[in-house]
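In: Mind folding the following:
(one chain, ligands or ions: 1)
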Amino acid sequence: MEIRKALPEDIPAVAALEAETFSLGADASALERMRSDPGCPILCAVEDGTLLGYVYFRSVLDEGYVGDLAVRADRRRRGIGRALIAAMCAEAERRELAFLTLEVRESNSAARRLYESSGFLPVGVRKNYYEKPRENAVLMTKTFPRPSGGEE
Ligand SMILES: CC(C)(COP(=O)(O)OP(=O)(O)OC[C@H]1O[C@@H](n2cnc3c(N)ncnc32)[C@H](O)[C@@H]1OP(=O)(O)O)[C@@H](O)C(=O)NCCC(=O)NCCS
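Out: Residues are numbered from 1 along each chain as shown. Alright, predicted model coming up:
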């Protein structure tokens, strides 16, 4: 398996997994806009030409906002989600981001556990943030040390 930035030809598979996984996910045209925006990388886990999972985030100045993370249902619990988060954090550090932050459904204990064990800390709750179904979001943030030699 390799993890790499999405290519134009990855978008249909990313859009299909997004639609299968999230009730209000991004569609193919929104995903293609992100892919072609250098501030919005989509990282794909690919094996033998097949998309196994993806994660995307937006960087604005030195801040990072995680969009969606998904792994194919038949390939979960094999470390792919963890590998995607590690690749995203490495990319965030390469961009010298101060933090990555995300929202996760309160009931999504699998994702919360994964984020927490990857260094994201719960920092707050957004009431009724999600629709379909309505649910609170837990806000989780991972901070990165300032690169040495950086100005305060
Ligand atoms: C959340 C998700 C991306 C995890 O992907 P994954 O490849 O299965 O995750 P990993 O195999 O790397 O698991 C890493 C850790 O996460 C936790 N975890 C993952 N799935 C879990 C589950 N079903 N139950 C409990 N803990 C779970 C465990 O701590 C696991 O470590 P372990 O296997 O050593 O116990 C995947 O379940 C998914 O696509 N879910 C639907 C979409 C989603 O919820 N995305 C996050 C939205 S914010």
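In: Quick check: the residue nearest the centre of the chain vs the ligand, distance?
Out: Compute the mean C-alpha point of the chain, and by C-alpha atoms, centre = their mean the closest residue is Val55, 3.6 Å away. Applying C-beta to the nearest ligand atom, to the nearest Å, the value for Val55 to the ligand is 8 Å. Backbone N, C-alpha and C define where each C-beta goes, glycine included.
In: Would you agree that residue is in contact with Leu43?
Out: Yes - with contact defined as C-beta atoms under 8 Å, Val55 counts as touching Leu43 (5.3 Å).
In: Now the common contact residues for these two.
Out: 84, 87-88 (C-beta atoms under 8 Å, 6 or more residues apart in numbering).
In: which of those tops the neighbour count?
Out: Most neighbours among the shared contacts of Val55 and Leu43, by other C-beta atoms under 10 Å: Leu84, with 24 neighbours.
In: Just give the number of residues close to the residue of the chain found nearest the ligand.
Out: Nearest residue of the chain to the ligand, counting by C-beta to the nearest ligand atom: Gly81, 2.5 Å away. Residues near Gly81, counting by other C-beta under 10 Å, number 23.
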